[in-house]
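Q: Dropping a prediction and its sequence here:
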Amino acid sequence: MCTRTKRRMVKRVRAKGRKTTNAYHYTPTPRLVSRLAFELKMTEKLVRKQILEERLYLLKEVWNDPTITAADV
């Protein structure tokens, strides 16, 4: 019988064999974007852009790494 931990380890090893990385990219929910757009009186496109810029700034500050780009957010 296989434990849950064993299954996860096997799954991780198989995933590593594919030579792909599972990168996490945050996407704000449409509900949040529309609420912020209404409150800030901005377009939804500008709100998404502002969220991206602020996340990029915070990532650079937290990790102290100037090489972090918008593709990493």
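A: Structure's in. What do you need?
Q: hey, let's count contacts and neighbours off CA atoms from now on
A: Will do.
Q: I'd like to know how far V62 sits from V73.
A: The spacing between V62 and V73, counted by CA to CA, to the nearest Å, is 13 Å.
Q: Name the residue in those two with the higher neighbour count.
A: V73 (18 against 8; other CA atoms under 10 Å).
Q: so that one touches E54, yeah?
A: No: using CA atoms under 8 Å as the test, V73 is too far from E54 to be in contact (9.9 Å).
Q: where does this protein have low pLDDT?
A: For the chain, applying pLDDT under 70 flags the ranges 1-23.
Q: ok, now with 90
A: The chain contains residues with pLDDT under 90 at 1-27, 59-60, 62-73.
Q: Okay, helices next: where are they in it?
A: 4-17, 30-40, 44-63 (DSSP state H).
Q: Can you point out the buried residues in the longest one?
A: The one in question is helix 44-63. E44, V47, R48, L52, R55, L56, Y57, L59 (16 or more other CA atoms under 10 Å).
Q: Dump those to TSV, plus distance to A37.
A: Formatted as TSV, the buried residues of helix 44-63 follow (distance: CA to CA, whole Å):
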residue	distance to A37
E44	5
V47	6
R48	9
L52	14
R55	17
L56	20
Y57	21
L59	23
